[in-house]
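Trainee: Below are the sequence and a predicted model for it; my questions follow.
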Amino acid sequence: MESRAASLEWLENPEVFEVNRVEAHSDHRYYESRREMARGKMRLRQDLNGTWKFSYAENPGVREASFYQDGYDLSRFGEIVVPGHIQLQGYDKCQYINTMYPWDGHAELRPPHVAQDYNPVGSYVKEFDLEDALENKRVFVSFQGVETAFYVWLNGEFVGYGEDSFTPSEFELTPFIRKTGNRLAVEVYKRSSASWIEDQDFFRFSGIFRDVYLYAVPKVHVRDLFVKAGLEDCYRDGVFSAELELMGEPELMAGCLVNGILYDQEGTVMCHWDRMPCEEKVTLGGKISRVHKWSGEDPYLYTLVLMIAEDPGDGSEASEGHVIEILNQTVGFRTFEMIDKIMCLNGQRLVFHGINRHEFNVRRGRAVTKADMLWDIHFMKQHNINAVRTCHYPNQSLWYELCDEFGIYLIDEANLESHGSWQKMGACEPSWNVPGSLPEWKEAVVDRAKSMLERDKNHPSVLIWSCGNESYAGEDILAMSKFFKERDDSRLVHYEGVFWNRKFNDISDMESRMYAKPAEVEEYLRRAPEKPFILCEYMHAMGNSLGGMKKYTDLADKYPMYQGGFIWDYIDQALARRDLDGKEGLGYGGDFTDRPTDYNFCGNGIVYGDRTVSPKAQEVKYLYQNLELEPEPGVVWIRNKNLFVGTEGYEFHYRVLKDGEQVWETRFTADVAPQSRDRAVVKMPSFSERGEYAYQVSAVLREKTLWAEEGFEVAFGETVVKIGGVVESARNAEIARAAAAPTMKVIHGDVNIGVRGNGFYVLFSRTEGGIVALRSHGQEWITRAPMPTYWRASTDNDRGNQFAVNSAVWMGADCFRGYQNSDVDVLEEIGRVTVTYTYRLPVAPETVTEVKYVVTPDGHIGVKCHYHGQPGLPELPLFGMRFRFLEAVNAFSWYGQGPEESYVDRCNGARLGIYEGTPAGSMSRYLLPQECGNHTGVRWLELRNRNGGRLKFTAVNTPFEMSVLPYTAEELESAQHMEELPVPHYTVVNILARQRGVGGDDSWGAPVYPEYCISGERDVEFSFVIECV
């Protein structure tokens, strides 16, 4: 241990990133007996989590500088919970920022300096007695995560200093620790030179946010373990090695032996090593015939048990009483390699159905729990996500254990991002980039690579080491890559930043891009590239997004060298907060008086911040499924895209829906080999009755798994067939109804036109421009005139690609459409009354929309809407009719695509059926209120009120789109948070010919694809029928 005094100068010296820190090592657990190992709880570990004494200071000049001294008066100290962030426990303030450095505009700084007037300091004190099990042994303290730099003292003696917020910093306490009355003091600084290379897109917290514990080691101890478990002989046999690094006094080690056993899951011994000499370095090796391979589809784990025991001296096996240390380590046999420029797992081309995951909890920030992790991994497996990029830092150790166990592939990313040092306002300007090729930063970043690799190297789930994120490229990151490759030849190395500096192309084994458009990806793949392609970030899922994802997933079938991507991202980084009125909601950047900030740019998850599921997840699950199911009458084609497992683990449920109602179902099994396509013959009746038939098949689990119950659906497919012409023309329907129904009376007023029939009454207004009253059998439905609608509440993508600006005229048209008395036309014919309104729109060039109402004696109202396109008009957000009903309309059902909201470019995961909803339940809780709740392919919509009344909208010839919400587009547009929306007083129903797609290639300029847009230059027409049921 180096003896030196703590110095604040280290905070601004990139060459000092640790003092007295223990060398990084594997994260294995160890025990003193087999019985203890079976319980899984280490006696030699003492938990220091919980309540600590705490003092906060805004900068070093006003901190409690001597607080670490033994006997220092702590009566002025408050309390804080560890693990946890300082900013979430009543001190300092939260700040979210993307690429800017958080001091931008507050201080003129360049690396490695930090501001002196604002650098929050947290002074932590934990008083404890040493537990009996740790007494008379070498004792260490482990800080699993402290942000950003910290000093440690024990009983007044300086112990060490550490940086790197996301890997363990451990220090030996043996010289200073006592049995009782210990005082551990930790001084945490929010900013240091490390802040320049921890510029990730996240909330800028500080504090001790991961576990803290003491641990003692036996007199002979496995300090580090490196297990390698690969495959050979056509990936049939397993090749195993384990490198042990031991610590202990040489004379003690000389009297000990090392024994090892490798077990399968049934407890069968696969290999064993007996009575090996106990030396500083010990290597075990062996070969296993026909090994059970590890993969995400079948994450089979063996268990290695290593025991250090005293030599009995008579050649016999060591008994339990001779055991000094015993440990167990799970082992997954797999080989990940490049074959013919393609990344392969166990010899098979792997496609990543991936996502980027920040560690985040709505109340605890990055101090996530085991429950959070289990929820996440269950969700991912249930939604066919097979890979995670640990953006942009190593995660808690437990996450890797769970990924080993459940089967999730990992890109393990080093804690390095210096985005703000080279990219300013979108432009590449690396004049003062760090680390670049600066020698004073090299050791710091290589140390981060080493700390991650040494901790995580025994996890089969880790396939790729990543050098970090968005830090440009230079000699220092090249040194990281070289370290990874020299230390571990069983994995590949990733780094996207070489895109910006091709001089350092050799850093990365694969071509990695962010937010490249599908056409750009194809352009690369068509040029006979040297490296396979992945998108380390794609589908920027900010707000209502993820449109057009299929354009990416289709590339995997078209180009072998396209190997998937990682959606940005998993969970909204949102924090629970209360507004000025005491309403609880989710906060984002700017809600905490934090400036500068990037506001709601942290809201990109397919999961909301509180771990409820957003509608975007429906599309992800479908497009990531490994079974493609194509049902036909009597046959189901099954394409099994799994690499290693057949379909024997699934039961297939085949059902037939007629006009949305199930009329037949059956179940069957099929054995389709991995990477093959076959058909299953299904005995079923023939259907000839007129109607619309949906043939649907689902693959469900036959047995319970770690991540889902028996019967859980993992994949589905659908084919829709119409028999006999389902939808009559509007004219034929009107004629048929008129012939069968009694006559109706038309009442001509000076201002209004009334139509009275058997049990219904409709009132048309010449001044209001539409229906102002609709009553049926005592139920009042319409009280305000429905109007043509053109505008939607801008999505995040609409704002980012300037659509909201370029098409803003349609917001004016939505709010201020022109109407004159002369623009109404009434035509009375036998069996029907037609009222036509013409709306003149305040746009240039001028155009009109016509809405024609056809009332028949049976109370049906046919509606035909016609928008007249004009050259020079911008794209429309949507076109249709907007109805505003009283709030008593509180439930609805529809026959169309569901169950979640869908849009023309995000509807692959939706399926045809009859679904139920409520206006409030249709509000998707995007961080910034925006367009939501749309449903595509709707055949009919039925509204229900509290009195039992029903009002139905039925599509004519072509399905429409619709939404039923408690708010108007204008209300959604003006709100900044969900809790700012008013108490609902009405229900807004949109019946639409079409709505523009939502897009999602990125959120700062990528347009919606042309096929999902609505040209303002072309006519749009559609029809539907209203009826009181």
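Mentor: Sure, I can see it. Numbers count the residues shown, from 1 in each chain.

Trainee: Tell me the predicted confidence for the residue lying closest to Thr330 once chain neighbours are set aside.
Mentor: Leaving aside its sequence neighbours, Thr330 sits nearest to Leu301 (Cβ to Cβ, 6 or more residues apart in numbering; 4.4 Å). From N, CA and C alone the C-beta is placed, and that goes for glycine too. Note for Leu301: predicted pLDDT of 99.

Trainee: and if you look at Arg817?
Mentor: Per-residue confidence (pLDDT) for Arg817: 72.

Trainee: Quick check: it vs Pro871, distance?
Mentor: Using Cβ to Cβ, to the nearest Å, Arg817 is found at 21 Å from Pro871.

Trainee: neighbour-wise, which of these two wins?
Mentor: Taking neighbours as other Cβ atoms under 10 Å, Arg817 and Pro871 compare with Arg817 leading, 19 against 8.

Trainee: Would you confirm that the more buried one contacts Val843?
Mentor: No - checked against Cβ atoms under 8 Å, the pair Arg817 and Val843 is beyond contact range at 9.7 Å.

Trainee: And the residue positioned nearest the centre of the chain, what's its pLDDT?
Mentor: Nearest to the mean C-alpha position of the chain, counting by Cα atoms, centre = their mean, stands Tyr570 at 1.0 Å. For Tyr570, the model assigns a pLDDT of 99.

Trainee: distance of the residue nearest to it when sequence neighbours are not counted from Ser698?
Mentor: Spatial nearest neighbour of Tyr570, excluding adjacent residues (Cβ to Cβ, 6+ apart): Arg357 at 4.2 Å. As judged by Cβ to Cβ, Arg357 and Ser698 stand 27 Å apart.

Trainee: Of these two, give the one with the bigger neighbour count.
Mentor: Each of Arg357 and Ser698 has its neighbours counted (other Cβ under 10 Å); Arg357 has more, 26 against 23.

Trainee: for that one, what are its contacts?
Mentor: When contacts are counted by Cβ atoms under 8 Å, 6 or more residues apart in numbering, Arg357 touches Asp376, Val388, Arg389, Thr390, Cys391, Asn395, Asp569, Tyr570, Ile571.

Trainee: Same question for stretch 515-527: list its buried residues.
Mentor: Tyr515, Ala516, Lys517, Pro518, Val521, Glu522, Tyr524, Leu525 (16 or more other Cβ atoms under 10 Å).

Trainee: Surely the second one is in contact with Tyr538?
Mentor: Yep, that's Ala516 we're talking about. Yes - counting by Cβ under 8 Å, Tyr538 is a contact partner of Ala516 at 7.5 Å.

Trainee: my guess is the residue nearest to Thr330 meets Ser295, correct?
Mentor: No - the pair Leu301 and Ser295 does not pass the contact test of Cβ under 8 Å, sitting 11.4 Å apart.

Trainee: Counting neighbours, go ahead and name the busier of those two.
Mentor: Counted by other Cβ under 10 Å, Leu301 and Ser295 do not tie: Ser295 has more neighbours, with 22 against 19.

Trainee: Touching, the more buried one and Phe333? I think so.
Mentor: No - look at Ser295 against Phe333 with Cβ under 8 Å: they stay out of range, at 9.9 Å.

Trainee: ends of stretch 142-159, how far apart?
Mentor: Distance across stretch 142-159, first residue to last, is 12 Å (Cα to Cα, to the nearest Å).

Trainee: now the longest helix along the chain, how far from the centre of its chain.
Mentor: In terms of residue count, the longest helix belonging to the chain (DSSP state H) is helix 439-456. For helix 439-456, the separation from the chain centroid amounts to 27 Å (computed by Cα atoms, centre = their mean, to the nearest Å).

Trainee: How many residues are close by the residue nearest to Glu628 when sequence neighbours are not counted?
Mentor: Distances taken as Cβ to Cβ, 6+ apart place Arg639 nearest to Glu628, at 3.9 Å, with adjacent residues excluded. Neighbour count of Arg639, defined by other Cβ under 10 Å: 16.

Trainee: Am I right that Arg639 falls within a strand?
Mentor: Yes - under DSSP: H, G, I helix; E, B strand; the rest coil, Arg639 falls within a strand.

Trainee: what sits against it?
Mentor: Leu627, Glu628, Leu629, Glu630, Val672, Ser676, Arg677.

Trainee: Lys658 too?
Mentor: Phe687, Glu689, Gly691, Glu692, Tyr693.

Trainee: do the same with Asp678
Mentor: Trp637, Ile638, Ala670, Val672.

Trainee: Please identify the one among the residues you listed that lies nearest to Glu718.
Mentor: Distance to Glu718 across the contacts of Asp678 (Cβ to Cβ) is lowest for Trp637, with 12.7 Å.

Trainee: which one is Thr789 nearest to, not counting chain neighbours?
Mentor: Excluding the flanking residues, the one nearest Thr789 by Cβ to Cβ, 6+ apart is Arg882, at 3.9 Å.

Trainee: Direction included, what does the helix or strand harbouring the one you found pair against?
Mentor: Assessed by DSSP states H and E, Arg882 sits inside strand 878-886. Applying DSSP bridges to the sheet, strand 878-886 is found paired with strand 787-789 (antiparallel), strand 986-995 (antiparallel).

Trainee: From Asp489, how far out is Ala516?
Mentor: Ala516 sits 29 Å away from Asp489, taking Cβ to Cβ as the criterion.

Trainee: what's the answer for Thr767, then?
Mentor: Taken as Cβ to Cβ, the span from Thr767 to Asp489 is 81 Å.

Trainee: How about Ala844?
Mentor: Ala844 sits 66 Å away from Asp489, taking Cβ to Cβ as the criterion.

Trainee: likewise Glu850?
Mentor: Per Cβ to Cβ, Glu850 is found 71 Å from Asp489.

Trainee: Mind checking which of the two has more residues around it?
Mentor: The residue with more neighbours, out of Glu850 and Asp489, is Glu850; 17 against 11, by other Cβ under 10 Å.

Trainee: ok, back up a step: who are the contact partners of the residue nearest to Thr789?
Mentor: Pro786, Met787, Pro788, Thr789, Thr968, Val988, Val989, Asn990.

Trainee: Do a quick rundown of the helices in the stretch 601-750 of the chain.
Mentor: Using DSSP state H, counting those that start in this stretch, the helices of the stretch 601-750 of the chain run over residues 616-623, 730-740.

Trainee: what's the average pLDDT for the shortest one?
Mentor: The predicted model gives helix 616-623 an average pLDDT of 99.

Trainee: Buried ones in that helix, by neighbour count?
Mentor: Lys616, Ala617, Gln618, Glu619, Val620, Lys621, Tyr622, Leu623.

Trainee: Just confirm the first one contacts Gly543, I think it does.
Mentor: No - counting by Cβ under 8 Å, Lys616 sits too far from Gly543 to count as a contact (9.5 Å).

Trainee: my read: Arg290 touches Tyr235, true?
Mentor: No - between Arg290 and Tyr235 there is no contact under Cβ under 8 Å: 10.7 Å.

Trainee: In this structure Pro919 contacts Pro984, no?
Mentor: Yes - using Cβ under 8 Å, Pro919 is in contact with Pro984, at 6.9 Å.
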